[in-house]
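*Asks:* can't give you the sequence, but here's the structure:
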């Protein structure tokens with residue numbers, strides 16, 4: 001994923017508790033009106049849809065995760081675990097995935113079913129849900145997740161087939177060992193055809209799923225209420241039914257400072273990230289919670305699967321590249337060594353991030369290694385030597401180079417600019433607007449650009465595919481137009497290995513090639529930052545920044 005509302009009224013805040021209590025009878029569940037086991041958070045950007053077919057960003061993914069389930073799910077360490085499917089098999093050639101479903105999973109109670117009682121989920125529901133994503137009429141942004149599925153397989157619907165009520169099969173056209181990770185994405189949630197047929201596009205605001213929480217009420221721009229699913233199939237390690245929470249209350253305060261003040265007053269239980277205006281008040285220079293707030297809040301940090309980087313266009317057929325100093329790998333390496341990442345993260349981010357001194361694959365990815373992949377450290381003397389070897393000296397200075405970025409990253413760009421001039425590199429910075437900038441990057445029109453890559457699923461293939469020669473932009477995500485036969489060979493070999501741990505060594509070799517060729521300048525690996533009220537217990541964090549609340553509870 002390449003990355004480059006409504007206001008909240010006082011009357012709504014006063015009205016909200018009453019509304020929440022009034023509507024807590026969803027799924028035949030009655031909540032005591034004095035219950036405090038309600039988790040409250042704010043979504044400042046608003047929520048566009050509650051339909052998992054459109055769960056393309058975090059604002060939608062978070063509530064969809066509470067309402068729906070897929071065949072598999074991720075644990076806190078981003079390893080695949082059973083969910084609706086209790087187990088599965090993969091054929092020896094890696095082309096056929098067969099899933100065996102649990103018999104105790106039911107859709108939420110809803111008027112779309114006879115007598116309003118949710119029915120049992122079957123393999124036909126999974127086939128319907130996956131085929132719906134592939135249906136061009138739906139126009140789901142998640143269509144790409146099934147690129148490896150053999151959609152023309154005879155006797156199937158887009159490559160999917162329910163063999164009977166409890167056995168579901170997927171046919172791939174070529175092996176793709178990261179496929180289970182893709183199936184953990186919210187796009188792959190199971191939905192009932194009855195609800196889609198009744199509500200059509202209005203399913204976005206009338207979701208019916210199988211998740212730990214049921215939809216109750218959504219006043220767009222004001223509040224969203226989810227309540228406990230009393231028939232949820234999962235239990236904790238002691239056999240106690242999940243979820244623990246009675247409900248979730250989501251508000252839509254558009255202003256981030258107002259959101260933060262609501263959290264400080266105790267009206268919200270959780271916020272993700274720190275508003276820049278409050279960063280120095282809440283966070284110490286070393287990235288710790290200010291001690292004066294230790295009795296009220298807790299701060300949790302966790303690696304986030306996002307690599308922030310500078311990218312080079314490496315197309316050897318481009319005259320633009322040939323005429324630039326950046327075509328020389330020694331210059332690209334000098335840039336990598338010419339600034340101090342640790343200093344950058346400390347002073348510009350209060351240590352809220354990890355200096356990218358390993359590869360392009362970020363910290364938090366299961367295959368990440370800071371010992372097997374040797375990245376760049378600050379070494380200005382060696383950087384000067386590399387520039388000298390490339391033919392650039394005081395008498396023959398290197399021509400200036402231009403870094404294209406957007407306004408959000410100006411501080412980091414200026415820091416690098418200031419550091420590189422010390423080794424003889426004159427860096428010019430140009431600012432572009434978001435849409436224009438993204439268009440130029442995605443069409444490989446920039447020699448040197450600022451970028452970030454957030455994982456869609458927890459497998460390093462998601463990062464390494466950016467450098468595979470068959471993925472040249474604009475038809476693929478290889479914005480660098482990097483081509484390397486050894487890298488491509490390793491990439492194809494990794495696709496033939498079904499066991500994740502068997503791919504790790506190959507992934508690390510590929511990552512080292514990217515570093516050795518200096519295709520990018522990894523800046524830092526991002527960090528999930530969560531502030532929670534001390535009343536919130538058992539709220540796990542993870543490297544995809546998923547909001548997993550089925551094991552969470554709020555102390556009175």
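*Replies:* It's in. In this text the structure is predicted, and so the values were computed from the model without any measurement.

*Asks:* was I right to think residue 122 contacts residue 166?
*Replies:* Yes. Taking Cβ atoms under 8 Å as the definition, residue 122 is a contact partner of residue 166 at 7.1 Å. For glycine as for every other residue, the C-beta is placed from the backbone atoms N, C-alpha and C.

*Asks:* joint contacts of these two?
*Replies:* residue 101 (Cβ atoms under 8 Å, 6 or more residues apart in numbering).

*Asks:* which neighbouring elements make contact with the top strand by length along the chain?
*Replies:* The residue-count maximum for a strand in the chain (DSSP state E) belongs to strand 297-312. When contacts are defined as 3 or more Cβ pairs under 8 Å, 6 or more residues apart in numbering; DSSP states H and E, strand 297-312 packs onto strand 448-454, strand 520-533.

*Asks:* beyond the last one, next helix or strand please.
*Replies:* Moving toward the C-terminus from strand 520-533, the next helix or strand (DSSP states H and E) is strand 536-537.

*Asks:* so what strands line up beside that following strand?
*Replies:* As defined by DSSP bridges, the strand partners of strand 536-537 come to strand 553-554 (antiparallel).

*Asks:* who touches the partner strand?
*Replies:* Here strand 553-554 has contacts from 36, 37, 38, 39, 244, 245, 269, 533, 535, 536, 537, 538, using Cβ under 8 Å, 6+ apart.

*Asks:* what angle do the longest strand of the chain and strand 520-533 make?
*Replies:* 160 degrees (axes from the mean of the first three to the mean of the last three Cα atoms, to 10 degrees).

*Asks:* neighbouring strands - and their directions - for strand 297-312?
*Replies:* By DSSP bridges, strand 297-312 pairs with strand 448-454 (antiparallel), strand 520-533 (antiparallel).

*Asks:* what is the mean pLDDT for the following helix or strand past it?
*Replies:* Heading C-terminal from strand 297-312, the first helix or strand you meet, by DSSP H and E, is helix 319-322. Averaging pLDDT along helix 319-322 yields 92.

*Asks:* for helix 319-322, which positions count as buried?
*Replies:* Within helix 319-322, the residues scored as buried using 16 or more other Cβ atoms under 10 Å are residue 321.

*Asks:* quick check: next helix or strand after that helix?
*Replies:* Helix 319-322 is succeeded, C-terminally, by helix 329-337 (DSSP H and E).

*Asks:* go through the helix or strand just after that next one and flag the buried ones.
*Replies:* Sequence-wise, the next helix or strand downstream of helix 329-337 (DSSP H and E) is helix 341-349. Using 16+ other Cβ under 10 Å as the test for burial, helix 341-349 gives 341, 344, 345, 346, 349.

*Asks:* now, which of the residues you listed sits nearest residue 211?
*Replies:* residue 349 (34.6 Å; Cβ to Cβ).

*Asks:* give me the pLDDT for that closest one.
*Replies:* 87.

*Asks:* make sure it is actually in contact with residue 523.
*Replies:* No. Taking Cβ under 8 Å as the definition, residue 349 is not a contact partner of residue 523, at 10.1 Å.

*Asks:* next, the residue in the chain sticking out farthest from the centre: secondary structure please.
*Replies:* The outermost residue of the chain relative to its centre, with distances by Cα atoms, centre = their mean, is residue 395 at 47.8 Å. Secondary structure for residue 395, judged by DSSP: H, G, I helix; E, B strand; the rest coil, is coil.

*Asks:* would you mind measuring from it to residue 46?
*Replies:* As judged by Cβ to Cβ, to the nearest Å, residue 395 and residue 46 stand 58 Å apart.

*Asks:* what's around residue 522, how many residues?
*Replies:* 25 (other Cβ atoms under 10 Å).

*Asks:* swap that for residue 424, please
*Replies:* Neighbours around residue 424, by other Cβ under 10 Å: 18.

*Asks:* and if you look at residue 360?
*Replies:* 24.

*Asks:* quick one on the thing from earlier: closest one to residue 300 among the strands paired with strand 297-312?
*Replies:* Of all the strands paired with strand 297-312, strand 520-533 comes closest under Cβ to Cβ, at 4.7 Å.

*Asks:* hmm, back to that, and residue 259, which of the helices and strands packed on strand 297-312 is closest to it?
*Replies:* It's strand 520-533; of these, that one is closest to residue 259 (Cβ to Cβ) at 11.2 Å.

*Asks:* quick one: the closest one to chain centroid distance?
*Replies:* Chain-centre distance of strand 520-533: 12 Å, with Cα atoms, centre = their mean, to the nearest Å.

*Asks:* what's the mean pLDDT across that strand?
*Replies:* Strand 520-533 comes out with an average pLDDT of 95.

*Asks:* tell me the angle of it relative to helix 341-349?
*Replies:* Going by the same axes, to 10 degrees, strand 520-533 makes 40 degrees with helix 341-349.

*Asks:* what is the longest helix along the chain packed up against?
*Replies:* Counting residues, the longest helix found in the chain (DSSP state H) is helix 500-516. Packing partners of helix 500-516 (3+ Cβ pairs under 8 Å, 6+ apart): helix 461-464, helix 485-494.

*Asks:* how about these in TSV, adding distance to residue 265, mean pLDDT and mean neighbour count?
*Replies:* Formatted as TSV, the helices and strands packed on helix 500-516 follow (distance: least, Cβ to Cβ, whole Å; pLDDT from 0 to 100; neighbours: other Cβ atoms under 10 Å):
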stretch	distance to residue 265	mean pLDDT	mean neighbour count
helix 461-464	39	95	23
helix 485-494	50	96	16
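
*Asks:* what is the neighbour count of residue 272?
*Replies:* 17.

*Asks:* do the one 3 residues further on as well
*Replies:* Residues lying near residue 275 (other Cβ under 10 Å) number 18.

*Asks:* try residue 316
*Replies:* 10.

*Asks:* would you mark the buried spots in stretch 432-442?
*Replies:* Those would be 432, 437, 438, 441, for stretch 432-442 by 16+ other Cβ under 10 Å.

*Asks:* check which helix or strand covers the last one.
*Replies:* Assessed by DSSP H and E, residue 441 sits inside helix 434-442.

*Asks:* could you check the angle that helix makes with strand 297-312?
*Replies:* 50 degrees.

*Asks:* which elements pack onto helix 434-442?
*Replies:* Looks like helix 434-442 contacts strand 401-405, strand 448-454 (3+ Cβ pairs under 8 Å, 6+ apart).

*Asks:* pick the most buried one from those strands.
*Replies:* Ranked by mean neighbour count, the helices and strands packed on helix 434-442 are led by strand 448-454 with a mean of 22 (mean count of other Cβ atoms under 10 Å).

*Asks:* chain center to it: distance?
*Replies:* That offset, for strand 448-454, works out to 15 Å (Cα atoms, centre = their mean).

*Asks:* re the thing from before, nearest to residue 127, out of the helices and strands packed on helix 434-442?
*Replies:* Nearest of those to residue 127, taken as Cβ to Cβ: strand 448-454 at 30.0 Å.
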